[in-house]
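[1] sharing a model prediction with you, sequence too.
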Amino acid sequence: IVYEYHEHIFQRKKMMAKKHRIDANDSMVHEILGNVWGRPFRILFTAVLMLLVLFPLYWLFSSAFKIRAEYLANPPLLIPHVFTMENIKTVLSMNGLGRQFMNSMIVSLSSTAISLLFGSMAAYSLVRGKFSNFTRQIFGLWFMIQKMYPAIATAIPIYLVMRKLQLIDTLPALIIMNTSFNLPLVIWLMMGFFAQVPIEMEESARIDGCHFLSRFFYVVFPVTKSGIVAAGILAFVGAWNEFLFAVILSINKSKTLPVVIAGFITDKGLDWGPMAATSLISLLPVLVLVYLCQKQFVEGLAMGAVKG
């Protein structure tokens, strides 16, 4: 009963904080934009932003259904005159595309699951452990630095290590590399989410006899579900789009879709149609994932932003 009461109070506080933050941001944006040109400027500003976001997607979609003469035309044609499925058929008939698609899916899902499991546990240990605020800030800064340094700086050492371990052209090598890149991001994000969970909820669970793992998986995890979804989507997208180490560590058997897309760039030129068609196929799983989890994803981002 005590645990349910604290959980109810926490949910109400989270919703009130989220509503207050959204209202404050909306009022600030409306005040800034209203002081410039008012409603016409806001409409124009929103239209420009939508154009910048949607036009690359439209260009990708239209190029996938253009004939060769049209996607090589100069000046470029915004609207194709001839609609063709030839590029899609060419891509789908490529030898090994299904295996490369599954390679991307296996690597992305595996690295995301591992990053979420160990990253959330590490973040929880840092938040609830006996560390000073300064120590936590140092850890957070270190995890951010891990995402900032150029990955190409470690390409040669990683290749030599993987060759020594006989992991070249294997999926475990790509899973290890994507996990190493996603883990700092997940830890950094989850530290902010776990810090918002009231300690009283865990104390109530401890009084009821829950040990550490039970409190973590049955009390803290459900409360931060939206944050876990947000971190998981970001980790999945990062692993799905990873190209550098995929092209360095794969030869044939472990190729992923980004490597296949880059393969359309040859010494004879660039095959825009099949490249756009493959990119369109590669984009679909991410769009479906974000669409299915958009509510939790937005709530997770808002939850991380509420922390003061």
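    Yep, that arrived.

[2] pLDDT wise, what is the spatially most central residue of the chain at?
    In the chain, the centroid-proximal residue (C-alpha atoms, centre = their mean) is Leu234; its distance is 1.7 Å. Leu234 carries a pLDDT score of 89 in this model.

[3] who does the helix or strand hosting it touch, helix- and strand-wise?
    In the assignment (DSSP states H and E), Leu234 maps to helix 225-241. For helix 225-241, the packing partners by 3 or more C-beta pairs under 8 Å, 6 or more residues apart in numbering; DSSP states H and E come out as helix 97-128, helix 171-194, helix 272-292, helix 294-306. Yep, even glycine has a C-beta here, placed from its N, CA and C like the rest.

[4] how close does Thr46 get to Arg39?
    The gap separating Thr46 from Arg39 is 11 Å, by C-beta to C-beta, to the nearest Å.

[5] Thr170 now?
    58 Å.

[6] those two: who's more crowded?
    Thr170 (17 against 10; other C-beta atoms under 10 Å).

[7] spatially nearest residue to that one (excluding sequence neighbours)?
    With C-beta to C-beta, 6 or more residues apart in numbering as the criterion, Thr170 has its nearest non-adjacent residue at 5.6 Å, and that residue is Ser254.

[8] now do the helix holding Leu234: distance to the chain's middle.
    Centroid separation between helix 225-241 and its chain, computed with C-alpha atoms, centre = their mean, to the nearest Å, is 4 Å.

[9] ok, then the element right after that helix?
    Trace forward from helix 225-241 with DSSP H and E and the next one is helix 244-249.

[10] shaky segments in the stretch 201-308 of the chain?
    The model of the stretch 201-308 of the chain has pLDDT under 70 over residues 297-308.

[11] same thing but at 90, please
    201-231, 234, 244, 251-254, 260-277, 280-308 (pLDDT under 90).

[12] just give the closest residue to Leu173, not the sequence neighbours.
    Leu isn't right for residue 173; it's Ala. Leu167 (4.0 Å).

[13] pull the contacting residues for the one you found.
    Ala173, Ile176, Leu249 (C-beta atoms under 8 Å, 6 or more residues apart in numbering).

[14] and with 10 Å instead?
    Val161, Ala173, Leu174, Ile175, Ile176, Met177, Leu249, Ser254 (C-beta atoms under 10 Å, 6 or more residues apart in numbering).

[15] now His211
    Ala205.

[16] now do it against Ala205, distance only.
    9 Å.

[17] sorry, back to before: out of the contacts of Leu167, which is nearest to Lys89?
    Using C-beta to C-beta, Ser254 comes nearest to Lys89 of the contacts of Leu167, at 26.1 Å.

[18] now do the SS call for Val197.
    Under DSSP: H, G, I helix; E, B strand; the rest coil, the three-state class of Val197 is coil.

[19] okay, now Ile265: neighbour count?
    Neighbours of Ile265 using other C-beta under 10 Å come to 11.

[20] now Lys147
    13.

[21] pull out the buried residues from stretch 169-184.
    170-171, 173-184 (16 or more other C-beta atoms under 10 Å).

[22] retrieve the pLDDT associated with Gly38.
    For Gly38, the predicted pLDDT is 62.
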